[in-house]
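*Asks:* let's see this in three dimensions:
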Amino acid sequence: MDSSERRPWTGILENGQDGLLGKVRPLLPGLLIAFVIALASQFIAEHYGAPAMLLALLLGIALNFLSSDPQCKEGIAFAARPLLRIGIVLLGLRISFDMVVSLGWPVVSMVIAGVICTIGFGLACARLFGFQDRVGFLTGGAVAICGASAAMAIAAILPQDEKSEDRLVFTVVGVTVLSTVAMVVYPIIGGVLFGSDQAIGIFLGGTIHDVAQVVGAGFSVSNEAGETATLVKLLRVAMLAPVIVAASLIMKAMGSKGREASGKVPLVPLFVAGFVALATLNSLVTLPAVIVETSVTLSKWCLLTAIAAVGLKTIPKDLLKIGSKAAMLIIGETLFLAILTCVVLFALP
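*Replies:* Residues are numbered from 1 along each chain as shown. I've put the predicted structure just below:
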């Protein structure tokens, strides 16, 4: 009896490009490079306090020549898109309906209005600066919802062209840098403007872009401010799914106009459906802590590896072509959200 008859599964693994191993093998070099960058970024972040997302992006950009290597190209492309969608899906286990109810409807309404108004402001300003609507939606959504994670999720459904990667990278850099600055400055502003730690927490959670910086800023004030800020921020993260579904419906109604590379717009993107499904599951069932913690960890590493891959695909000289107007757009959206949140907080009883 021949060896292939004794071990029939080896035929599946060894059948070149048609087998499982044949499909996975070309991805490994690029995936490993992106993951090593993610590991290095996390190590530096833990020891020196710099944002891991920003570090992964910058290290990836520094090694962008690897993306043109035929052995690495396919794996880097996989990490930059499918892997980031997996990370976004896993974010769903951080959300539950009980979290929303515990905040109170005035705060929930404030967060929802802040997201909608900031995206609307971004779209209006994008046109004012001469950009396409997709730029206003990408930057406004990243500022309004959850920074780099939202930018990557939104970019995944937007019409694709030769500048799509550059716009995503610039947005990720912009929101991450501004989020880091806000982590230092906003607790001071909140302490001056608001009289309670809960109000400070709502302000921090409602305005800072990235989850990690919200947690750092909130707990630098107090435990109460940190817990409140984290909860408000997670509500903003939960807005990711309805915003993307709404955008998908709008683009579907508009047809395929402008979709140079991405084809038809699905009614509900699969990764968004996965995000909603996990959030619903987390709301209806008390999941073991180990499952939730593992999901959060996997999500973090998927997103960190994905942003490293995005950096690897980025050519710095192309990034500089975006110009100062795009920077002004992101700064303007950030200030708009901060001012709007302050005004609403002062109006709340």
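
*Asks:* what stretches of the stretch 201-349 of the chain score poorly on pLDDT?
*Replies:* In the predicted model, the stretch 201-349 of the chain carries pLDDT under 70 at residues 254-269, 272, 317-323.

*Asks:* any chance you could map the helices in it?
*Replies:* 211-221, 223-238, 240-253, 270-284, 289-312, 316-319, 324-347 (DSSP state H, counting those that start in this stretch).

*Asks:* pLDDT value on Ile112, please?
*Replies:* At Ile112, the pLDDT value in this model is 92.

*Asks:* closest one to Thr139 among the helices of the stretch 201-349 of the chain?
*Replies:* Set against Thr139 and scored by C-beta to C-beta, the helices of the stretch 201-349 of the chain come closest in helix 324-347, at 5.2 Å. The C-beta positions use only the backbone N, C-alpha and C, and glycine is treated the same way.

*Asks:* helices or strands up against the closest one?
*Replies:* helix 105-128, helix 133-144, helix 164-193, helix 197-207 (3 or more C-beta pairs under 8 Å, 6 or more residues apart in numbering; DSSP states H and E).

*Asks:* of the helices of the stretch 201-349 of the chain, which approaches Val135 most closely?
*Replies:* If you check each of the helices of the stretch 201-349 of the chain against Val135 by C-beta to C-beta, helix 324-347 wins as the nearest, at 7.1 Å.

*Asks:* which residue is nearest the middle of the protein?
*Replies:* Nearest to the mean C-alpha position of the chain, counting by C-alpha atoms, centre = their mean, stands Ser149 at 0.4 Å.

*Asks:* my guess is that residue contacts Val89. True?
*Replies:* No - in this structure, Ser149 is not within contact of Val89 by C-beta atoms under 8 Å, at 11.5 Å.

*Asks:* who's in contact with the nearest residue to Thr171 once chain neighbours are set aside?
*Replies:* Nearest non-adjacent residue to Thr171, counting by C-beta to C-beta, 6 or more residues apart in numbering: Ala151, 4.6 Å away. For Ala151, the contact set (C-beta atoms under 8 Å, 6 or more residues apart in numbering) comprises 138-139, 141-142, 168, 171-172, 175.

*Asks:* which element is Ala151 on?
*Replies:* Secondary structure from DSSP states H and E places Ala151 in helix 148-155.

*Asks:* so that helix versus helix 223-238, what angle?
*Replies:* Taking axes from the mean of the first three to the mean of the last three C-alpha atoms, to 10 degrees, helix 148-155 and helix 223-238 form an angle of 10 degrees between their directions.

*Asks:* closest one to Ala38 among the helices and strands packed on helix 324-347?
*Replies:* Smallest distance to Ala38 across the helices and strands packed on helix 324-347 (C-beta to C-beta): 14.1 Å, for helix 164-193.

*Asks:* packing partners of the closest one?
*Replies:* Applying 3+ C-beta pairs under 8 Å, 6+ apart, one finds that helix 164-193 contacts helix 52-62, helix 133-144, helix 148-155, helix 197-207, helix 211-221, helix 289-312, helix 316-319, helix 324-347.

*Asks:* out of these, nearest to Asp98?
*Replies:* helix 289-312 (13.6 Å).

*Asks:* report the distance from the closest one to the chain centre.
*Replies:* 11 Å (C-alpha atoms, centre = their mean, to the nearest Å).

*Asks:* for that helix, list every residue counted as buried.
*Replies:* Buried residues in helix 289-312, counted by 16 or more other C-beta atoms under 10 Å: 292, 295, 299-312.

*Asks:* closest one to Val100 out of those, please.
*Replies:* Val292 (17.2 Å).

*Asks:* residues in contact with Leu240?
*Replies:* Counting by C-beta under 8 Å, 6+ apart, the residues that Leu240 touches are 88, 91, 145-146, 149-150, 153, 272, 275.

*Asks:* hmm, 6 Å instead?
*Replies:* 145, 150, 153 (C-beta atoms under 6 Å, 6 or more residues apart in numbering).

*Asks:* return the closest of those residues with respect to Arg25.
*Replies:* Using C-beta to C-beta, Ala153 is the member of the contacts of Leu240 that sits closest to Arg25, with 28.8 Å.

*Asks:* hmm, Gly87 and that closest one touching each other?
*Replies:* No - with contacts counted by C-beta atoms under 6 Å, Ala153 stays clear of Gly87, the gap being 9.3 Å.

*Asks:* the two - which one has more neighbours?
*Replies:* Each of Ala153 and Gly87 has its neighbours counted (other C-beta atoms under 10 Å); Ala153 has more, 28 against 22.
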